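In: no letters, just coordinates:
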Ligand SMILES: [Zn+2]
């Protein structure tokens, strides 16, 4: 038995004309992806739920502006990153200022080996965001810099910082 | 190449961002330096684990009811906002009649009347509509009050004017933030709330003035 293929474009068009049921179907199709992204970017379950909701509310409000130039999924992805960046703007800015300063080491017990997932959640906000977007999601530094509102050099420095901290935490 | 140089270039090396002869120089160093080779392998391992992390993580609870609630609250809010402007415009009309002038007031634009879930509106556009309505309601209230003889105690008037100035300052700040982050729903809600406060104060001022008349 094969499920009938859900036509995402038809759902988007229907939602654009105000159909909340179609929008719910789009939510069901993309909630895991958006929530996964928010959870990794924030490292916090409550914040991730909150930002997932905010992403879909923003998406609903902006559906009229979705022209189908990109896939609906990557359009949602950008809204989610924007929502997270707006929430953590202060932290990201502070992180950008600190990126030229000597890197602080995160407090952790060296006898305790964290798994990667846990380790990512303990990173400083800026380093975590850049690592998730670059190394988990495969974004380029130019895209990350634009989305987070930082310089390309800052994105690179944050990535270097994040990778070093993560290796200290998870590799013997 | 020195170890320090190689380790500095390692991120860009594994990301394939080095150009010219650099990648070959780094590779040659890694082939002969166990320490740097260990660093490079550790880095590659980390990147493999990162790529293997699941991208889809379903939330522990169904978030849809909350999302639907917010969307529906949004439409109710828009409807009640239309109602608010009607009431304030009527109040202004009453003040105008009390003052004996024939100030004509437009009817507020109807906003999505009676929709359970209206078609999505770009937040930026909505900000413009809300701003225009606010400015008009404010102008009308001020104009209506100007028609009334002023019997308000000066100290009361000072307090109201001071509060209005504080609210105007807040509105300016929220507008500036909204320009930088035009799709921020929370800023938008703050803007509407401050505009409400401003209009309520103006309405209050008008009411006090007309009572003492
Ligand atoms: Zn070496």
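Out: Perfect, thanks for sending it. Bear in mind that the values here come from a model prediction, so they are computed numbers and not experimental data.
In: quick check: closest non-adjacent residue to residue A:132.
Out: Once flanking residues are discounted, residue A:132 sits nearest to residue A:40: 4.5 Å by CB to CB, 6 or more residues apart in numbering or on different chains. Any C-beta I mention is one placed from the backbone N, CA and C, and that applies to glycine too.
In: okay, that neighbour: pLDDT?
Out: pLDDT for residue A:40: 93.
In: list the contacts for it?
Out: Contacts for residue A:40 (CB atoms under 8 Å, 6 or more residues apart in numbering or on different chains) come out as A:120, A:128, A:132, A:136, B:53.
In: and these, which two are the farthest apart?
Out: Maximum pairwise distance in the contacts of residue A:40, criterion CB to CB, is 13.1 Å, between A:128 and B:53.
In: with neighbour numbers in mind, choose between these two.
Out: Per other CB atoms under 10 Å in any protein chain shown, whichever of residue A:128 and residue B:53 has more neighbours is residue A:128, with 25 against 16.
In: after the helix or strand hosting that one, which helix or strand is next?
Out: In this assignment (DSSP states H and E), residue A:128 forms part of helix A:125-131. On the C-terminal side of helix A:125-131, the closest following helix or strand by DSSP H and E is helix A:141-148.
In: show me what that next one is packed against.
Out: helix A:72-87, helix A:125-131, helix A:152-170 (3 or more CB pairs under 8 Å, 6 or more residues apart in numbering or on different chains; DSSP states H and E).
In: give me whichever of these is most buried.
Out: helix A:125-131 (a mean of 26; mean count of other CB atoms under 10 Å in any protein chain shown).
In: need the contacts of residue A:40 in JSON lines (columns: distance to the ion and pLDDT).
Out: Shown next, in JSON lines, are the contacts of residue A:40 (distance: CB to the ion, whole Å; pLDDT from 0 to 100):
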{"residue": "A:120", "distance to the ion": "28", "pLDDT": "94"}
{"residue": "A:128", "distance to the ion": "29", "pLDDT": "94"}
{"residue": "A:132", "distance to the ion": "29", "pLDDT": "96"}
{"residue": "A:136", "distance to the ion": "28", "pLDDT": "95"}
{"residue": "B:53", "distance to the ion": "30", "pLDDT": "92"}
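In: show me which residues of chain B sit near the ion.
Out: B:3, B:33, B:36 (CB under 5 Å from the ion).
In: so which of those is the most crowded?
Out: residue B:36 (21 neighbours).
In: helix/strand/coil for it?
Out: helix (DSSP: H, G, I helix; E, B strand; the rest coil).
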